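From the sequence below, what's the structure:
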Amino acid sequence: MKVVVVGGGWSGCAAAITARKAGAEVHLYEKTDLLLGLGNVGGIMRNNGRYTASEELIALGGGDLIKLTDKCARHANIEFPGHKHATLYDVNIIEGVVRDHLKSLGIHLHLESRVKDVDVENKKIRGILLSDDTYVKGDVFIETTGSTGPMGNCLRYGNGCSMCILRCPAFGPRLSISARCGVSDIQGERNGDALGAFSGSCKLAKESLSKEIKDQLDKTGVVVLKVPAEDVNYGKLSTKVCQQYALKEFAENIVLLDTGHAKLMTTYYPLEKLRKIPGLEYAKYVDPYAGSKGNSIRYLSVAPRTNDMRVVGVDNLLCAGEKAGLFVGHTEAICTGSLAGHNAVRLMMGMPLLILPSSIAIGDLISFANEKAETREGRKDRYTFAGASYFKRMQELGLYTTDKDEINDRIKKVNLDNIFEQKLV
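Next comes the predicted model:
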């Protein structure tokens, strides 16, 4: 039984792991030369409700990637505006660690392998065609291609190609597998008629910052600097993907987090204005390189799906990560990917697919985001364990907790402890 995962970001890696644990032969295809995608510039885990979701995933038996980010942490249990008990992993070492783990499980990795077309017949995918004309057959396919690119979308809905970690000019545009199967994509919306949203942060070279700032980042993981009054821009907050950071504190201050680079918590910031701030006189962007003018545009390609992660209208296609909803964050991608990978094997075997119950945070997020995507107002929102509307919902429903025993009991009550560790084949 062969599972083909298209896309090697956090959700694709998670899907590959659980499909492999369930007993399938797994092949992962990634168009760039790095796994993890936005995970190579992300770095934030376990903040707010993501702590709960991380521990739920570990209890479900799908915690491999959570444990690896913990292992690669530069800082743990830190606080910054609006966020508690966060872990910051090192973006400069995480990819190699994850790549080694996937190889150790026997997952077949195919990097610099961009899909350019899909062979579909009677609502079933028979194979995918790569850019070098290689044809790949499979039994079940999982799409985790994200929702960013090609370059034209960043030009149309943003400020142009920002030369970000996704590197479309070097490795080619993203392809929507579901759209090639005849399924219409859902698109995230902004105010007015604008679609998508800007990626929520940039990276500065720590070496370009003052010694005082570098020392504080190394010691505490966080630096907060006042923005000059004339440069405060509250309006820009609404353009962010990461609405959990769309707080006035992120407009009134420069918030830097130590993820190996200095993570600048804003969608973009003109360099000349940035350099007006003491300690940032020689600041330099390392991702995106055009961080002065913009960042990548996301949420332009979301597949309609059921709560077991199956794409509506294609019999053997599942999805995860941003492709599966207006989700924000690595934890959210890992959770949806883990379910998609496990269910891919169930689908091959003719077993009932697993739907996680709403009594656990992961299950509730998956169903809630699906419900909200049906309305225009819902498509203007973004869904994350870390903040904004969904974290409020977690708190109201009593789903948010940092008590590991409580979380483990929650998973055991629904008889799902270590479900993702079970070999099905």
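
Show me the helices in the stretch 101-250 of the chain, by range?
With DSSP state H, counting those that start in this stretch, the ranges of helices along the stretch 101-250 of the chain come out as 151-157, 168-171, 177-180, 211-220, 249-252.

Mind exporting the C-alpha coordinates of the second one to CSV?
Put plainly, it is helix 168-171. The C-alpha coordinates for helix 168-171 follow below in CSV (Å, rounded to 0.1, in the frame of the first residue of the first chain):
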residue,chain,number,x,y,z
CYS,A,168,9.2,30.2,-6.2
PRO,A,169,11.7,31.8,-8.7
ALA,A,170,14.2,29.0,-8.0
PHE,A,171,12.0,26.0,-7.6
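
And stretch 61-77, how far out from the chain middle?
Distance of stretch 61-77 from its chain centroid, counting by Cα atoms, centre = their mean, to the nearest Å, is 15 Å.

Can you dump the C-alpha atoms of it in CSV for me?
The C-alpha trace of stretch 61-77 is given here as CSV (Å, rounded to 0.1, in the frame of the first residue of the first chain):
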residue,chain,number,x,y,z
GLY,A,61,0.8,9.0,19.6
GLY,A,62,1.6,11.6,17.0
GLY,A,63,4.1,13.7,19.0
ASP,A,64,7.3,13.0,17.1
LEU,A,65,7.6,16.5,15.6
ILE,A,66,6.5,18.2,18.8
LYS,A,67,9.3,16.4,20.7
LEU,A,68,11.9,17.3,18.0
THR,A,69,11.0,21.0,18.3
ASP,A,70,11.3,20.7,22.1
LYS,A,71,14.7,19.1,21.6
CYS,A,72,15.8,22.0,19.3
ALA,A,73,14.5,24.7,21.6
ARG,A,74,16.7,27.8,22.2
HIS,A,75,14.2,29.0,24.8
ALA,A,76,11.3,27.4,26.7
ASN,A,77,8.5,28.8,28.8
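
buried residues in that stretch?
61-66, 68-70, 72-75 (16 or more other Cβ atoms under 10 Å). C-betas here are computed from N, CA, C, even on glycine.

Looking at the residues you listed, which is nearest residue 87?
residue 73 (4.9 Å; Cβ to Cβ).

check contacts around that closest one.
Contacts for residue 73 (Cβ atoms under 8 Å, 6 or more residues apart in numbering) come out as 45, 87-90.

just the helices in the stretch 301-425 of the chain please.
Counting by DSSP H, counting those that start in this stretch, the helices of the stretch 301-425 of the chain are 330-349, 361-372, 376-379, 388-397, 404-413.

Give me the packing partners of the first one, helices and strands only.
What that stands for is helix 330-349. strand 2-6, helix 10-21, strand 44-45, helix 49-60, helix 64-71, strand 140-143, strand 317-319, helix 361-372 (3 or more Cβ pairs under 8 Å, 6 or more residues apart in numbering; DSSP states H and E).

just to revisit the earlier point, least confident of the helices of the stretch 301-425 of the chain, on average?
Ranked by mean pLDDT, those end with helix 376-379 at the bottom, a mean of 85.

Touching the lowest-mean-pLDDT helix or strand in the chain from outside, list them.
Of all helical and strand segments in the chain, the minimum by mean pLDDT, DSSP states H and E falls on helix 376-379, at a mean of 85. Applying Cβ under 8 Å, 6+ apart, the contact partners of helix 376-379 are 186-189, 326, 371-373.

Filter those residues down to the buried ones, ChimeraX style.
Buried members of these, defined by 16+ other Cβ under 10 Å, are picked up in ChimeraX with:
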select :186,187,188,189,326,372,373
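
quick check, nearest of the contacts of helix 376-379 to residue 271?
residue 188 (28.2 Å).

Show me this protein divided up by domain.
According to automatic domain parsing, the chain comprises the domains 2-193+297-421, 197-287.

Would you mind finding the most buried of those?
domain 2-193+297-421 (a mean of 21; mean count of other Cβ atoms under 10 Å).
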